[in-house]
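Enquirer: this one's structure only:
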Ligand SMILES: *Cc1c(COP(=O)(O)O)cnc(C)c1O
């Protein structure tokens, strides 16, 4: 079947009617990958069934496209000519792409020096006006919230309810891919907390059962875990470098309702999980995306989650090529050899 994008695929569950002109890049329908080697590493011989929802395979390389098709479709329907967002990078790239497709002007505010290279490259190429602000994501969000009160420009951050409407379709897909039921646990990184809120909406609406939610925050940017705003959030996982999440209250409610857990993991633990994903499963993600795996490992190790015969889904939010600089800086350097077979043979035999 030809996949039409998430709005057409799940229209009965979304607040759009047949007349709506849909702005889509055929986002969604991402693979749910069984991860047996990683499962065996995290919880040997427990019968854990671990799955990776690889959202990095969306059109602009992150789950943000699910929400953006809905937000831009609605903005066009309301007659908007310009859209704006604050972003750690992926919302900006997604807004830029969907705005280009709709012929809208797009402004994106990003924290100076803290946006991963692949995200910046995409925003610029899609033709967005990239404004680098001398502050954090949280400062940028405060600015865009105010400017939309004064100027005729549509806000497409996840405080826009249409974003959550689109993003909740990830939960529908997971239930469909598991044969019509929800997993026991659903693990994901938490930054601005839009995604955890949207997934919970989706599971509740779809009626195929409810998972318990496990949210992971980076230790240097863990306001929900600590119960207070973090003034200077810092983490290698730039996509979740957020100190004052816009969907904080909704996230806490979702966690409570699901009997869930939110926990903080160190940057070292995030990077260790990020390497495991690549080396055990061949799945390359940006660092923030490994936070759900790091949180799951921590909770299994601490005995808080019993993996025995459980079905657990981890959402991998963004593609590894988003952040090539972090990847290269944490890798070994390539071996250089003269261009002849003897050198290659010598290398092979001396490096068993
Ligand atoms: C946006 C984003 C997150 C965080 O999602 P929230 O909805 O802000 O909690 C995590 N990982 C990646 C790659 C993202 O782009």
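Expert: That came through fine. Just so it is clear, the model here is predicted, and its values are computed rather than measured. Residues are numbered from 1 along each chain as shown.
Enquirer: show me which residues of the protein sit near the ligand.
Expert: 62, 64, 90, 158, 189-195, 239-240, 286, 288-289, 317-318 (CB under 6 Å from any ligand atom). Every C-beta, even on glycine, is put in place using the N, C-alpha and C of the backbone.
Enquirer: buried subset of these?
Expert: Buried by 16 or more other CB atoms under 10 Å: 62, 64, 90, 158, 189-195, 239-240, 286, 288-289, 317-318, out of the residues of the chain next to the ligand.
Enquirer: ok, residues contacting stretch 142-152?
Expert: 80-82, 84-86, 109, 133, 153-155, 157, 159 (CB atoms under 8 Å, 6 or more residues apart in numbering).
Enquirer: for the stretch 51-200 of the chain, what spans make up the strands?
Expert: Along the stretch 51-200 of the chain, counting by DSSP state E, counting those that start in this stretch, strands occupy 82-86, 105-111, 129-133, 154-155, 185-189.
Enquirer: I should have written the stretch 201-350 of the chain there, sorry.
Expert: Ranges of strands within the stretch 201-350 of the chain are 212-218, 261-265, 311-316, based on DSSP E, counting those that start in this stretch.
Enquirer: mind giving me the packing neighbours of the longest one?
Expert: Think strand 212-218. Helices and strands touching strand 212-218, by 3 or more CB pairs under 8 Å, 6 or more residues apart in numbering; DSSP states H and E, are strand 185-189, helix 194-206, helix 223-226, helix 248-258, strand 261-265, helix 291-301.
Enquirer: from the chain's centroid, how far away is that strand?
Expert: How far strand 212-218 lies from its chain's middle: 12 Å, per CA atoms, centre = their mean, to the nearest Å.
Enquirer: what comes up buried for it?
Expert: For strand 212-218, using 16+ other CB under 10 Å, the buried residues are 212, 213, 214, 215, 216, 217, 218.
Enquirer: reformat those as TSV; add distance to residue 14 and pLDDT.
Expert: As requested, those are exported to TSV (distance: CB to CB, whole Å; pLDDT from 0 to 100):
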residue	distance to residue 14	pLDDT
212	25	98
213	22	99
214	26	98
215	25	98
216	28	98
217	29	98
218	32	98
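Enquirer: got CSV for these, with distance to residue 264 too?
Expert: Listed next are the buried residues of strand 212-218 as CSV, based on distance: CB to CB, whole Å:
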residue, distance to residue 264
212, 18
213, 15
214, 12
215, 10
216, 8
217, 5
218, 7
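Enquirer: of all those residues, which two lie farthest apart?
Expert: 212 and 218 (21.3 Å; CB to CB).
Enquirer: what's the burial count for residue 230?
Expert: 22 (other CB atoms under 10 Å).
Enquirer: cool, residue 344 as well?
Expert: Residue 344: 13 neighbours (other CB under 10 Å).
Enquirer: contacting residues for it?
Expert: Residue 344 neighbours (CB under 8 Å, 6+ apart): residue 337.
Enquirer: mind checking how far it is from the ligand?
Expert: 38 Å (CB to the nearest ligand atom, to the nearest Å).
Enquirer: pLDDT score assigned to that residue?
Expert: pLDDT, residue 344: 98.
Enquirer: before we move on, the earlier item: ranking the helices and strands packed on strand 212-218 by burial, who's on top?
Expert: Among the helices and strands packed on strand 212-218, strand 185-189 has the highest mean neighbour count (mean count of other CB atoms under 10 Å), at a mean of 27.
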